[in-house]
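Asker: Build me a model from this:
(2 chains)
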Amino acid sequence: MTVAPTNADLSIDKGPAGAQNKATRKVNFDIKSSGIYIALALLVVGFTVATGGDLLAPQNLSNIIVQYSYILVLAIGMVLIIIAGHIDLSVGSVVAATGAFAAVMMVDWHLAWPIAVIVTLIFGAVIGAWQGYWVAYFGIPAFIVTLAGMLLFRAITYMILGNKGIGPFPDEIRTLANGFTPGFLNNIALGPLGGADLFSIIVGVLVVVALVVVQWRARAARVRYNQAVDPMWLFTLKVAGPALLVMFLVVQLARFRNLPWVLVLLAVLVVGYTFVTNRAVFGRQIYAVGGNLQAATLSGVKVKSVVFWLFVNMGVLSAVAGIIFAGRLNLAGPTAGNSFELDAIAAAFIGGAAVQGGVGKVVGAITGGLIMGVINNGAGLLGWQTEKVMLAKGIVLLAAVAFDVWSKRRTAGAK
Amino acid sequence: MTDTILRMSGITKTFPGVKALQDVDIEVRRGEIHAICGENGAGKSTLMKVLSGVYPHGTYEGDIQFEGEPCNFSGIRDSEHRGIVIIHQELALASNLSIAENIFLGNERSKRGWINWNETNAAADELLRRVGLQEKAVTPVVELGVGKQQLVEIAKALSKDVKLLILDEPTAALNDDDSAHLLNLLRGLRDEGITCVIISHKLNEVMGISDRVTILRDGRTIWTNEIENLTEDKIISGMVGRDLEHRYPEHEPTIGEEILRIEDWTVYSPTQPDRALVRKANLTLRRGEIVGLAGLMGAGRTELAMSVFGRSYGVNISGRLIKDGKEIHARSVREAIDHGIAYATEDRKRYGLNLIEDIKRNVSAAALSKLAKGGWVDGNEEFKVANEYRASMNIKAPTVEAVVGKLSGGNQQKVVLSKWIFTDPDVLILDEPTRGIDVGAKYEIYTIINRLADEGKAVLVISSELPELLGICDRIYTLSAGRITGEVPRAEATQESLMTLMTKEEQEVAP
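Answerer: Now for the predicted structure:
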């Protein structure tokens, strides 16, 4: 994805205290937190070789993003819930229920699509509030509440749809889910790569510029506050890597059919939620609640309210995923979203979230989701059967969490 | 004739940085009730854990002889096999299982893995009769009060053919009737030939029930004596008669006006709503003053502090909080913090810190809004603030991005204090601020406490260590069984006078 690993991804080991102003930090690359990025890179390389380059072909790259976008949206909400020490098993059913409700409003009632979308998001929020109430204020474990929710909201889906699919959706919804940004400007020739959309390329360049500026300003602020910063070569590397990745992705997409709208939406969500988790008071309280519930309570954090709003947030994101998924199929069906919760939960855990809570990252969950997306897609290109794909995903999930537990035990022993 | 059933000699047990027991000798005679007395932290529980195999053979030095045979227990099963059973202060019953199931838990009446319920329940009924508990063996334990649960524990011990029964503070959570019944039962067991070792803070009970008393202080045996030769005063002077080994920084207080008054404060237990943990307590705190709160385990110190701190403990709390002459209502922790009250917990790992986060995020945790604009935290400002506390509190860590779980106890405590000082409180309640930290760090903490008082804050220090309270406080309240039993200026306080007030039995004062 387009977001670079933050500074916290590196374990910092400054020399003895009292060093002079220009403290340069000794870099100790922490394999624990960078492991998933390496794993994703290895998977991409492996499948690219195995498929003779088809994995990274313009059209396929676009497919991975569009096909997996709704899981990634769910993974963002899920990782927050897991950080707080809870779980949500109901998201698949909520995707179905919200998608069905949106379809009824748009297809049967002929409501204008913007109104229908807003009402659907509110519907998602209400579902989240329902579950958040039982978990946060009534004190029922989230596992039970959302297991019940899994049944309840699937039942509601059937009640809304009456065992049949509803479609087709308005063009705008289909474009959001399946479509691409229009080429406002002409194509340009990229030598041997052929033609590419100039507008997409410009967007890509702007994103890269923004990335560099934001990182540079953050570094400058850290220097002003006498905080340790990476040496310049490493800083350059850490900015150049993601920048190249973004440009590669954008160029490939521009060569196919411009930027998928869901990618734009996803990028906005990832950037927004990364900021919330790192910098917002609310985001920091999520980590406090998951890290030590009692300590958070005794520090004046309104623990119940934090958990409640997390579930509301999950409901809204489920509604977003519900609209995208239904729009992509151009049909709201009663079995939509089956087992999405498992993919979203797996994405969060592969991405480094801890079962005990208190640990996890939005970018990590997205990476975890992409790992599974790449396995799905690459396996599809290679013509693997379903059981082989499931096998691979199961092993990756177990390996990721085993690695996490192992590295934690090792650091505890080294203490 | 004296028949020694247990002889522990030269027991030394070391934890990293602390000698919990040092060359302890104790001898228990067959068929007696032997009381062990000492302050909190004197080493009583550690000694019993050594005896029962919780700390296995090889982790301590010294020799244990039980019925003339050496004991090399590697776990609690070994000691139970020999007839030594310990009943801990916190009862360890599975609350949803029946009385009979609890009695025979891990020791089931069974044949080839299948439980014989008739035999189980019949044997349980017989044991219940012996301990005088009129309940059916199939009653779930959850339906019993604490007093009856205590009896189930004893029945469980009897089922294991106990020869030496150890009770750690058996009556701490019991009301008077249940206590009297329990003590009678122990006398009955003694007459059946079962030896008892009882750890107790309640000196009237010790005087009433035991045959001999051993005093532990600072991990050492002080003396053992027959009850006929003893008085409560003699026991108290044995428990506290220590030289002031620790040094305390000099401090000349400048005491200002009253800042917080606690009036008629009453708190009930959340698990036993009819039991008052704090009863009509009245306290006054003034600017620049360090006030101590002394009390033995179970006296209600932490309960008092936490209930004042935004009602974070207890139910049916009544009473008034008057701050700067005006009544305030602190119904949640947030409100308490906003009213300028801070409470640093006695258990920093469980209740005070997020151990997986770094120093700066722990320091900012209780006052994050001070670092935020419009809901967004300024990470650089946070770094700066944390760094200032690292310097001023002398937190020994390479950076403020070091994970708190890896710091030493003293440094963790400094992080907790930094967190609360950053909320800019007027009143700081410090619950056991030096528990589990080494002598050097203690001195630093005392210096910090003095500095806070000099800044015009009121500090309430709760501590089990009387010398500590005498060393740093300007005035000391004593708490016994939930009641304030005394208020002593530092100049008049001695360890003996405080201990007398702390063990004073509740007296109904005429209204």
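
Asker: Return the residues of chain B in contact with chain A.
Answerer: Taking Cβ under 8 Å from any Cβ of the partner chain as the test, the list of chain B residues beside chain A reads B:309-310, B:312, B:332-334, B:336-337, B:343, B:345, B:350-357, B:361, B:365-366, B:368-369, B:372, B:375-377, B:379-380, B:383-384, B:387, B:390, B:397-399, B:401, B:406, B:419. Every C-beta, even on glycine, is put in place using the N, C-alpha and C of the backbone.

Asker: Try it again at 7 Å.
Answerer: Contact residues (Cβ under 7 Å from any Cβ of the partner chain) of chain B with chain A: B:312, B:333-334, B:337, B:345, B:350-357, B:365-366, B:368-369, B:372, B:375-377, B:379-380, B:383-384, B:398-399, B:401, B:406.

Asker: Okay, now the unreliable bits of the stretch 251-400 of chain B?
Answerer: Within the stretch 251-400 of chain B, the set of residues satisfying pLDDT under 70 is empty.

Asker: Same question for chain A.
Answerer: Judged by pLDDT under 70, the stretches of chain A that qualify are A:1-33, A:410-415.

Asker: Name the residue closest to the centre of it, please.
Answerer: Taking Cα atoms, centre = their mean as the criterion, A:Ile366 is the residue nearest the geometric centre of chain A, at 3.5 Å.

Asker: so for stretch B:88-96, what's the average pLDDT?
Answerer: Averaged over stretch B:88-96, pLDDT sits at 81.

Asker: Distance from it to the middle of the chain?
Answerer: Using Cα atoms, centre = their mean, to the nearest Å, the distance from the centre of stretch B:88-96 to the centre of the chain it belongs to is 17 Å.

Asker: and what of stretch B:320-332?
Answerer: Average the C-alpha atoms of stretch B:320-332, do the same for its chain, and the two points are 28 Å apart (Cα atoms, centre = their mean).

Asker: With just CA atoms, put stretch A:306-319 into PDB.
Answerer: Listed next in PDB are the C-alpha coordinates belonging to stretch A:306-319 (Å, rounded to 0.1, in the frame of the first residue of the first chain):
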ATOM      1  CA  VAL A 306     -14.300   3.800  23.500                       C
ATOM      2  CA  VAL A 307     -15.400   0.200  23.000                       C
ATOM      3  CA  PHE A 308     -18.900   1.300  22.100                       C
ATOM      4  CA  TRP A 309     -17.700   3.700  19.400                       C
ATOM      5  CA  LEU A 310     -15.300   1.100  18.000                       C
ATOM      6  CA  PHE A 311     -18.300  -1.200  17.300                       C
ATOM      7  CA  VAL A 312     -20.200   1.700  15.700                       C
ATOM      8  CA  ASN A 313     -17.200   2.400  13.500                       C
ATOM      9  CA  MET A 314     -17.000  -1.300  12.600                       C
ATOM     10  CA  GLY A 315     -20.700  -1.200  11.600                       C
ATOM     11  CA  VAL A 316     -20.100   1.800   9.300                       C
ATOM     12  CA  LEU A 317     -17.100   0.200   7.600                       C
ATOM     13  CA  SER A 318     -19.200  -3.000   7.200                       C
ATOM     14  CA  ALA A 319     -21.800  -0.900   5.500                       C
END
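
Asker: For it, buried residues please.
Answerer: A:306-319 (16 or more other Cβ atoms under 10 Å in any protein chain shown).

Asker: Going by distance to B:His34, which of those residues wins?
Answerer: B:His34 has its nearest neighbour among the buried residues of stretch A:306-319 in A:Val307, at 50.7 Å by Cβ to Cβ.

Asker: coming back round to it: which members of the buried residues of stretch A:306-319 are positioned in helices?
Answerer: For those, membership in helices holds for A:306-319, with DSSP state H as the criterion.

Asker: got those residues as CSV, with distance to chain B columns?
Answerer: Listed next are these as CSV, based on distance: Cβ to the nearest Cβ, whole Å:
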residue, distance to chain B
A:Val306, 12
A:Val307, 16
A:Phe308, 15
A:Trp309, 13
A:Leu310, 16
A:Phe311, 19
A:Val312, 16
A:Asn313, 15
A:Met314, 20
A:Gly315, 21
A:Val316, 18
A:Leu317, 19
A:Ser318, 24
A:Ala319, 23
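
Asker: domain assignment for chain A?
Answerer: A:33-179+A:282-414, A:183-259 (automatic domain parsing).

Asker: Return the two entries of the buried residues of stretch A:306-319 that lie farthest from one another.
Answerer: Every pair in the buried residues of stretch A:306-319 was compared (Cβ to Cβ); the two farthest apart turn out to be A:Val306 and A:Ala319, at 20.8 Å.

Asker: quick revisit: pick the most buried one from the domains of chain A.
Answerer: Of all the domains of chain A, domain A:33-179+A:282-414 carries the top mean neighbour count, a mean of 21, counting by mean count of other Cβ atoms under 10 Å in any protein chain shown.

Asker: Return the distance of it from the chain's centre.
Answerer: The gap between the average C-alpha position of domain A:33-179+A:282-414 and the chain average comes to 8 Å, counting by Cα atoms, centre = their mean.
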